[in-house]
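Engineer: generate a structure from the sequence data that follows.
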Amino acid sequence: MVAAAFTVDLDKPLVFQVGHLEEQYQEWVHQPIVSKEGPRFFENGVLEFWNLIKLFSTPSTTPGLFGGGLLGYVIYDCTHYYLHHGQPSSDPAKHLKKYHLNHHFRIQTKGFGITSTVWDHVFGTLPSTKAADKST
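Structural biologist: So this is what the prediction gives:
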């Protein structure tokens with residue numbers, strides 16, 4: 001028995017329909033959707049949050065936001081590479097390397113901070129000092 005192909009109704013929110021496409025998803029997602037308003041992902045307009053992006057993304061701020069985000073990512077990536085492959089000589093860099101390698105090889109469920117421990121404090125993923133001291 002061959003099942004009938006599922007079609008997406010563009011008058012309804014997409015978020016609950018796309019999962020029913022199964023194997024047809026790859027083909028469907030690469031087809032253009034031509035409509036005046038564009039498809040809605042959610043039925044509730046409040047959840048269509050990307051309209052807020054227009055408030056912060058003016059033509060004068062967009063290049064700065066994009067460039068700042070890109071620069072931040074490059075700094076993060078270079079720091080991550082250095083922590084794995086570099087030989088730090090200063091105490092703060094040595095501590096950060098020890099902290100990061102503990103995350104990879106001893107306490108994988110804690111210590112996600114790559115360039116600092118700030119977000120581990122915020123999200124409660126800071127490893128205990130006893131676990132961190134085991135690597136010395």
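Engineer: could you chop the protein up by domain?
Structural biologist: 1-56, 66-133 (automatic domain parsing).
Engineer: measure how far the last one is from the centre of its chain, please.
Structural biologist: This means domain 66-133. Centroid separation between domain 66-133 and its chain, computed with Cα atoms, centre = their mean, to the nearest Å, is 17 Å.
Engineer: cool, and the shortest one?
Structural biologist: Computed by Cα atoms, centre = their mean, the chain-centroid distance of domain 1-56 equals 21 Å.
Engineer: returning to that earlier point: which one of the domains of the chain is the most hemmed in?
Structural biologist: Highest mean neighbour count of these: domain 66-133, a mean of 13 (counted as mean count of other Cβ atoms under 10 Å). For every residue, glycine as well, the C-beta is placed using N, CA and C.
Engineer: what's the average pLDDT for that domain?
Structural biologist: For domain 66-133, mean pLDDT rounds to 87.
Engineer: what sits up against the longest helix seen in the chain?
Structural biologist: In the chain, with assignment by DSSP state H, the single longest helix is helix 62-85. Residues outside helix 62-85 that contact it (Cβ atoms under 8 Å, 6 or more residues apart in numbering): Phe56, Ser57, Pro88, Ala93, Leu96, Lys97, His100, Leu101, Ile114, Thr115.
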